[in-house]
Structures are given as C-alpha cells and as structure tokens.
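Enquirer: kindly return the folded structure for what I paste below:
(2 chains)
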Amino acid sequence: MFSDFIEELSWRGLIQHKIDGLEERLSEKMAVGYIGFDPTANSLHVGSLLPIMVLVRFQRAGHKPIAIVGGGTGMIGDPSGKTAERQLLDSQTLQKNVEGLKNQLYKYLDFENGENKAELLNNIDWLGKLSMIDFLRDVGKYFRVNVMLTKDSVKKRIESEVGISFTEFTYQILQAYDFEYLYRTKNCILQMGATDQWGNITAGTDYIRYKHGSEGRVFGLTFPLVTKADGTKFGKSEKGNVWLDPNLTTPYQFYQFWLRCDDNTAPKFLRYYTLLDKQKIEQLEQEHAQAPHLRILQHALADEITTFVHGKDALNLARKTTKALFSKNLEEAFAGLSDEEINLILSGADSITISREQLQTGLSILDAIVLSGLKQSKGDARKLIQSNGFSVNKLKWTQPNDVLTEKHLLQNKFIMLQSGKSDIVVLKTE
RNA sequence: GGGAAGAUAGCCAAGUGGCCAACGGCAACAGACUGUAAAUCUGUCCUCUUCGGAGUUCGUAGGUUCGAAUCCUACUCUUCCCA
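Expert: Sure, this is the predicted structure:
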C-alpha cells in the first residue's frame, strides 16, 4: 500500500529531483517525511498549495507527514530564488504568521487518526535553544564552506550585485539541522520541497550521513516550481495574491481564479492540484477537446480545488454566484428567486453598500466606480467608460457624466457594476 | 588607498541644453475576435481632473541659464580596473 506515492507523483509531473532508493524505501514500510513552510505572510496562498497537496498525497499513500513552520528559519531568511537580501520580519509579526499558517494546515491534513497522523512543528522550538558555541562545534563542523559555496542559491547571489550576508549564507545549515533533528527525534527520512530547495535538502541529507554514518540513509525529493504556459507569474489575480484564507480571498474569487485558467495550463494544474485520478483527468481532456468552449477542464479544476480548500458549501455558493453574475439575461437569472436566495447569492460576490438616499438624488457613475474599487480614480473611471469597458447590469454604459438612480435597481435591491469581462462588483442598497 | 563608468517611470531601456511627462520593449488595464482561454490586432498606461486643464518626476542637495533628465559642485549608492 505504500508503493504508489512515487508513481503517483511521477505521472502527475511532480518529480524534479529525487535521491535513488527512495521508491524502495517507501514501499517497505511507513515513512516519515516533511516539508517546511515559510512564515513570510499570515496566510498561505495558492503558491503553497502544491507542497500541501504533496503532503496530502504522502499521507494518503499511508505515510506520515510532518509540516514545519519556519518560526526559526524565518528569522534568518532563505536566499533560494531571491535576488536580494530578505527584509527580516520582527518576531511579533513572525509569531502571528506562524499561528496563521498552523490554523490553515490543520484544515488540509489529518492530525487525528491513525499511526500516520500528521504533525505540525515549529523549528524555533529547537533552533531557538541552540547556543552559538554548540552550533559551531556540533553542527558547523560538518559543513565545508567550499561545498556551501557551490549551492545555486548562494552562487547566484555571490555573482549578483547585491551579494549575500553571512546570515543568509548560513541558512542552509539551519535547514539541514532541521532535517537532522527530525531524523533523530521523529525518525523522519524524507524532506520534500520545490525545486529551489534542492540545495538545502541535499545539505540536510549530507549532514545526516556525515553525522550518523551508514545508518543515516535519508532521502530528498523536489517538485517543479509552478509556471503558467504564457510565462506570466502564477498566483496573482488582478487584485494581488490569491490566498487560501477566505477572509483575504473569498471563495468566489478563489473559484474564479481557477476558472480563468488557460487551456494549455489546465491539464497540468489538474494533475498538480486535484485528487482526480489519471483516468478521470484523461477523460476530461478528451471531453474538453470535443467541445473546448464548454471549458470542461477549467470547471473541473475550479470545482475540485475550491472544494478541497473551502468545502462543498462554499463551492456551491461560488457556483451559484458565478452563474447569476455571468448570466446573459439578468432578469431571467433572478426571476422566481426568494429574497433570501438572492441575498445568499449576492453574499458571495464582491460588493459595496450605499444608502438609498444616494440613489434617490442620483449617484455619479464615476463616483460609483471609484467606490466599488473597480478603478482607483475618477479619471481612470472615465477612461474605462470611454474605452467601452464598463457595463451596468450587463449593458454597456457610454456616458461618463450620467448618474445611477433607483431605476437601475434590479429586484429593487442591487445594481451590477462591471469592468471588462470578468470584474464584477455588486452595489447594494441599505 | 588610487582611477574609471554609472544611477531615468512597476521592470528593462533610449534620450546628453528648448520640439520631454520623456523613443522602444516587458508587465498591467480596456476593446475587437472567442469560450470569463490562448494567440493576434487596436487603444490606454506618473498623479489628480469639472476632460478645459492642473500638479509632481530622470539617485539626493545646491548652482549656472530666459530655459536642465541633459551643464557645474557636493553628497549617497552600485559596478569595473589598479594597489
């Protein structure tokens, strides 16, 4: 039962590097493996979803996952993939971020049941106790500077204009120490991470081998950094980062993010981020090829991931809201719905609330656009209208000097403001 | 310690006394075509605006000039060469 983890990752295209022998070791018996999460923000965003899914698959394959939040290493800053020295966070912010990450990870892994229940640890608990002298005597002795210099993350920074501080240079030792600590105390034999972590991971496996000799047979595995087919940065919407916290990115916005995925990237993301099996994904691809305009892959992607991250109820609401807002005929879409149903559907959308009196006296359309956040100034709002990019209740609005009044209300309740094709804000009245 | 080159908008980068809110590219936003996709073509793209304009930018601070991103001085930072 332990054997299919590597095979699974492999067909999903999730293996970039791995240390030989891992597959055999995993098939023998339950293994303990870990991934570290960086507390640079107080919520995880979609970029962290891939490591989470890898841990989830690891646990589903019968192994025991450990998630580390980097309360200690976060104080230092990982130079991997960074062109400039990291701005250090103060310990209060860091502490808050660590708590935020913990709460989210509890949602995705099973921390309750079975021999392979997940664990969550904060590396400040052991790194914080390490004294300077102990560190240099017991840990630093095992690291050769010439080897450390060859790591990509260090090499790139040394060659760059900004260089690298001693602090960040030592980062790999701390991460290696984490791995060794987990090996020693939790019998953890595998560290996983994105491709840019390979140097840090091998620093750990080398360290364990030196320190524990032939007993120290441990493994590393990396998965690709997420990219999109068009080369643009993954994980940003027009409003910024896409977060996993529903208070920062609503389930509707989250659902929409995946729904807008392009055709070339969708098959990859289905493999990366969903628990659908190979057969199902290939079937979806065939259906998609038959009728691409139905966007079958995008719907499957958005449905699966939104359910996983926010749950079935949130998905249903996001779908209902999407269906209502993107319907061609609004009157029809809302006809026959009760007040409660309408309120529920609108509660999922981005919205602003204004007073009834403002509509009675007439609300300038430019003000409305700025209030809604669709554009940040009246000048921008005017340009939007002039370029034919603004609609009210799905009808193009061409007069920048006109006003919104009660006659624009749908169901006597709300007005739909839309910039471009997909950015919709609902204006509600009190 | 000595010398040389450089710093321009979110990023890259041209401009070396007036024609400069500053060529071009990327990213971003909007339109057309589509499928809330990609590609392509078009428009916008320092800030605000009552769309008439107004205000603030070319490392920082001064200066020369009717006029400075452009010339001068000092300072800060970066890169390279020599010791």
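
Enquirer: what's the helix or strand for the residue in the stretch 201-350 of chain A positioned nearest to RNA strand B?
Expert: Of all residues in the stretch 201-350 of chain A, the one sitting closest to RNA strand B is A:Asp262 (2.4 Å; C-beta to the nearest atom of the strand). In this view, the C-beta of every residue, glycine as well, is placed from N, C-alpha and C. For A:Asp262, there is no helix or strand it lies in under DSSP states H and E.

Enquirer: next one, pLDDT for it please.
Expert: Note for A:Asp262: predicted pLDDT of 90.

Enquirer: that one and A:Thr250, how far apart?
Expert: To A:Thr250, A:Asp262 is 22 Å away according to C-beta to C-beta, to the nearest Å.

Enquirer: the two: which has the busier surroundings?
Expert: Per other C-beta atoms under 10 Å, whichever of A:Asp262 and A:Thr250 has more neighbours is A:Thr250, with 21 against 13.

Enquirer: residue boundaries of the strands in the stretch 1-150 of chain A?
Expert: A:17-18, A:32-37, A:64-69, A:119-122 (DSSP state E, counting those that start in this stretch).

Enquirer: and A:Ser387, which of these is closest to it?
Expert: A:Ser387 lies closest, by C-beta to C-beta, to one member of the strands of the stretch 1-150 of chain A: strand A:32-37, at 42.2 Å.

Enquirer: pLDDT of the closest one, averaged?
Expert: What strand A:32-37 shows for mean pLDDT is 95.

Enquirer: so for chain A, the centremost residue is which one?
Expert: Central residue of chain A (C-alpha atoms, centre = their mean): A:Val46, 1.2 Å from the mean position.

Enquirer: and the pLDDT for it?
Expert: So, for A:Val46, pLDDT stands at 86.

Enquirer: how about it, what does it touch?
Expert: A:234-235, A:241-244, A:257 (C-beta atoms under 8 Å, 6 or more residues apart in numbering).

Enquirer: over to A:Trp243?
Expert: Shown in contact with A:Trp243 (C-beta under 8 Å, 6+ apart): A:43-46, A:249.

Enquirer: rerun at 6 Å
Expert: Counting by C-beta atoms under 6 Å, 6 or more residues apart in numbering, A:Trp243 touches A:43, A:45, A:249.

Enquirer: domain ranges for chain A, per the record?
Expert: With domains defined by automatic domain parsing, chain A comprises A:4-223, A:250-325, A:338-430.

Enquirer: quick one: the helix or strand harbouring A:Met192 to chain centroid distance?
Expert: Using DSSP H and E, A:Met192 maps to strand A:188-194. In terms of C-alpha atoms, centre = their mean, to the nearest Å, the centre of strand A:188-194 is set 19 Å apart from its chain centre.

Enquirer: what does stretch A:56-69 give?
Expert: That offset, for stretch A:56-69, works out to 18 Å (C-alpha atoms, centre = their mean).

Enquirer: what mean pLDDT does it have?
Expert: 94.

Enquirer: in that stretch, what's buried?
Expert: By neighbour count on 16 or more other C-beta atoms under 10 Å, the buried set for stretch A:56-69 is A:56-59, A:61-69.
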